[in-house]
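Asks: What follows is a predicted protein model with its sequence.
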Amino acid sequence: MTENVEQWWRRRQWSKGVPVPYPVGRYRADWERYPVLVRQYHPDLNHGITLSQIPPAADVYLLWQCDSGHLFIATPEEQRSRPGGARRRSVWCPHCAELAAPRRIRRPEPDAGLHVCGHARDPRRIEADPADDRCYLCRRLDREALKRDQLVAMATPGARAAVSDENGTSGRYSWQCTAGHPSFSATIEKILGGKRCPVCRHALSGAAAVAVGEAFTSRWAPRPASAAEPDLRRRLAERLDVDLSANAVRVAKPFHSHLEVWPDIVIPELKVAVEYDTTGRHGLEHVGPREASDRRKDRLLRAAGWEVVRVRCGKLQPIGPYDVVAGGVSDSVVARIIDRLGEIRGSLFVSAYLR
């Protein structure tokens, strides 16, 4: 049961039998990779308890204050999982996030009465066929029912798509391609119009033409997020006689609707991917759910016969056996990466590519 920080602290004092159940700095390593949360937490707002005394998994309500001065209550788990898909600083505060993306308020329509069927009239819509006493909604439901019958006929063994009803009132269905990729949602009209599985559609532009584990150049790969990644690539090219032109690796399972992943640096000769990780300008990158995405990406690469070396900066902890903790790009970091390559593929094999 979630409780406030004062009650939680007193209960821990009683259960451990000591006045300070968790010493200051006990959980510093777990919190230091979240610089935004360190800045939002204030001991004077939380019974004088420092953030490094609170386990990240503690089921306790804490009071936080964002840079704009908003006060809000959240548990450690809620705060650590708060950065989601949005890439803006406001997502760390629920009040700032709501102000940045306010909810759309629909104004009530004037009362225009009801059709004989019981559906409300829409004063903005002109009925196309005055002889048809059915309202627009009734005619639309009849059309969707006809298309639904056509789709059921398509859903036979060996057909292109299989369908299962999610919400019959909205006309949206779950579809799965014959390749067995995860289901995707689409309207009946889009499916009849030829909409394909997004994984298959993306794979046609490159990933479908190469085997699992092969490196290639993909049009879907994003641009470098910072100047540090090209700098690290240049320094590695000066030390290793390898081809660093590829930007993607084919994997067996979909990763964010793609059958490919995009490491920062791809070394096909060694089958090693090098990643440069920082928390970013607003502390949003490679933390919380995005760290979970990084771990899944590494698992897909290892399943394809590759290994990953991550350069972890900005208080980020290692998440793999060959990660390098550093403060930035330097010649010493490049030397440590080459040492890691020797541990992965063998020093004699890697030395053959040294310039």
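Replies: Ah, there it is. Numbers count the residues shown, from 1 in each chain.
Asks: Find the residue at the geometric middle of the protein.
Replies: Arg290 (5.1 Å; CA atoms, centre = their mean).
Asks: Now do the SS call for it.
Replies: Under DSSP: H, G, I helix; E, B strand; the rest coil, the three-state class of Arg290 is helix.
Asks: right, and it touches Ser81 too?
Replies: No - the criterion here is CB atoms under 8 Å, and Arg290 misses it with Ser81 at 10.2 Å. To be clear about C-beta, it is placed using only N, CA and C from the backbone, and glycine gets the same treatment.
Asks: Quick one: the strands in the stretch 251-355 of the chain, in order.
Replies: Ranges of strands in the stretch 251-355 of the chain, per DSSP state E, counting those that start in this stretch, are 260-261, 265-267, 272-277, 307-312, 324-325.
Asks: Tabulate these (a markdown table), appending mean pLDDT, distance to Ala97 and mean neighbour count.
Replies: A markdown table is the format used below for those (pLDDT from 0 to 100; distance: least, CB to CB, whole Å; neighbours: other CB atoms under 10 Å):
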| stretch | mean pLDDT | distance to Ala97 | mean neighbour count |
| --- | --- | --- | --- |
| strand 260-261 | 96 | 29 | 25 |
| strand 265-267 | 97 | 34 | 24 |
| strand 272-277 | 96 | 24 | 24 |
| strand 307-312 | 96 | 27 | 24 |
| strand 324-325 | 94 | 31 | 17 |
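Asks: between those strands, which one is nearest to Pro222?
Replies: strand 260-261 (11.4 Å; CB to CB).
Asks: hang on, the earlier thing: ok, the residue nearest to the centre of the chain - contacts?
Replies: Going by CB atoms under 8 Å, 6 or more residues apart in numbering, Arg290 touches Pro83, Leu284.
Asks: Verify the stated contact: Val287 with Asp277.
Replies: No - with contact defined as CB under 8 Å, Val287 does not reach Asp277; the gap is 9.7 Å.
Asks: Common neighbours of these two, please.
Replies: Leu316.
Asks: His286 contacts Arg295, doesn't it?
Replies: No - when contacts are counted by CB under 8 Å, His286 is not listed as touching Arg295 (10.5 Å).
Asks: which residues in the chain form strands?
Replies: Ranges of strands in the chain, per DSSP state E, are 3-4, 60-65, 71-74, 161-167, 172-177, 184-187, 215-216, 248-250, 260-261, 265-267, 272-277, 307-312, 324-325.
Asks: of all those, which lies closest to Trp31?
Replies: For those, the distance to Trp31 is smallest for strand 60-65, at 11.7 Å, taking CB to CB.
Asks: which helices and strands sit right next to that closest one?
Replies: Under the contact criterion of 3 or more CB pairs under 8 Å, 6 or more residues apart in numbering; DSSP states H and E, strand 60-65 touches strand 3-4, helix 5-16, helix 35-40, strand 71-74, helix 76-80.
Asks: would you turn those into TSV with mean pLDDT?
Replies: Converted to TSV, those look like this (pLDDT from 0 to 100):
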stretch	mean pLDDT
strand 3-4	92
helix 5-16	93
helix 35-40	91
strand 71-74	94
helix 76-80	91
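Asks: could I get these as CSV with distance to His282?
Replies: Shown next, in CSV, are the helices and strands packed on strand 60-65 (distance: least, CB to CB, whole Å):
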stretch, distance to His282
strand 3-4, 29
helix 5-16, 26
helix 35-40, 7
strand 71-74, 18
helix 76-80, 15
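Asks: wait, which of these is closest to Leu51?
Replies: helix 35-40 (6.3 Å).
Asks: buried set for the closest one?
Replies: Buried residues in helix 35-40, counted by 16 or more other CB atoms under 10 Å: Pro35, Val36, Leu37, Gln40.
Asks: Turn the strands of the stretch 251-355 of the chain into a markdown table, columns for distance to Leu99.
Replies: Output for the strands of the stretch 251-355 of the chain, formatted as a markdown table (distance: least, CB to CB, whole Å):
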| stretch | distance to Leu99 |
| --- | --- |
| strand 260-261 | 35 |
| strand 265-267 | 39 |
| strand 272-277 | 30 |
| strand 307-312 | 33 |
| strand 324-325 | 37 |
